[in-house]
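Colleague: Everything below, folded, please.
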Amino acid sequence: MKGQIVVLGIGRFGFSLARTLYEMGYEVMAIDLTEKRVQEIAPYVTQAVQGDVTSEILLRDLGIPDFKIAVVAVGSMIETSVMSTILLKKLKAPYIIARAVSDLHGEILQKIGADQVVFPQRDMGRRVAHGVMLTDVVDYMSITKRYGISKIPALPFLTGKELSELGFGQRGKWGVAVLMIQRGKEMIISPHEHEVVTSNDMLVVAGDDGDLGNLLAEARKEP
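Modeller: Residues are numbered from 1 along each chain as shown. Next up, the predicted model:
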């Protein structure tokens, strides 16, 4: 196992998070007040516990301070989210990640001690929006409103051509940089502009969303 993580609150977000972390090799404890949710998550985590995540006695008895990371996955129940975060801080949890549903909620969580605040609904909306605009992109991480890092497979209209020929790179007309090429088990970091894209490549690029969209559209038109 890679490390111990506790997830407080097993709604859709908490369930998905806990299960994914467990599948990645982490030792995961999931806690929720609802018996049905605990039963549903039990096969997919190391330990599932039914209990009140705002109970200091429960969290202390479960040894929460010994966990590497504590995730407050409760979202819509803001009072529960805040109370859980306060208790985790009081119990000296090493690292606290808390889910927020609004900017104000996020500000409160930061002020009471959350080490990291995440906005899963907002982030997912952004990922979907970028996916609509950049249909050839298989994964996307937003850096600013219009700038991000994208993962692109070696589509037929990209293969057999040099990066510079496609318009990538600092000297390219689009200003979209190729940070890395994954070629099977090989990782090519900061590839040369004359690197030829092969059919099994995965390109990790950074640039303005509009420029990347235009680059892909033009490449698609090329014979």
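
Colleague: C-terminal to the least confident helix or strand in the chain by mean pLDDT, which secondary structure element comes first?
Modeller: Least confident element among the helices and strands of the chain, by mean pLDDT, DSSP states H and E: helix 120-133 (a mean of 60). Toward the C-terminus, helix 120-133 is succeeded by strand 139-142 as the next helix or strand (DSSP states H and E).

Colleague: quick one: buried residues of that following strand?
Modeller: For strand 139-142, burial by neighbour count (16 or more other C-beta atoms under 10 Å) applies to Tyr140. (Glycine included, C-beta is placed from N, CA and C.)

Colleague: start at 460 instead
Modeller: Sure, I'll start counting at 460 from here, so that last one is strand 598-601.

Colleague: The helix or strand following that strand: partners in the sheet, and parallel or antiparallel?
Modeller: Using DSSP H and E, the helix or strand that follows strand 598-601 in sequence is strand 606-612. Strand pairing for strand 606-612, determined by DSSP bridges: strand 598-601 (antiparallel), strand 660-667 (antiparallel).

Colleague: quick one: average confidence on strand 606-612?
Modeller: Averaging pLDDT along strand 606-612 yields 82.

Colleague: quick one: that strand to chain centroid distance?
Modeller: 14 Å (C-alpha atoms, centre = their mean, to the nearest Å).

Colleague: Restricting to C-alpha, output the following helix or strand past it in PDB.
Modeller: As assigned by DSSP H and E, the chain's next helix or strand after strand 606-612 is helix 622-625. Only the C-alpha atoms of helix 622-625 are listed here, as PDB (Å, rounded to 0.1, in the frame of the first residue of the first chain):
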ATOM      1  CA  LEU A 622       6.300  19.000 -34.900                       C
ATOM      2  CA  SER A 623       7.500  22.100 -36.600                       C
ATOM      3  CA  GLU A 624       5.600  21.100 -39.800                       C
ATOM      4  CA  LEU A 625       2.400  20.800 -37.800                       C
END
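
Colleague: Fine by me, we can end here.
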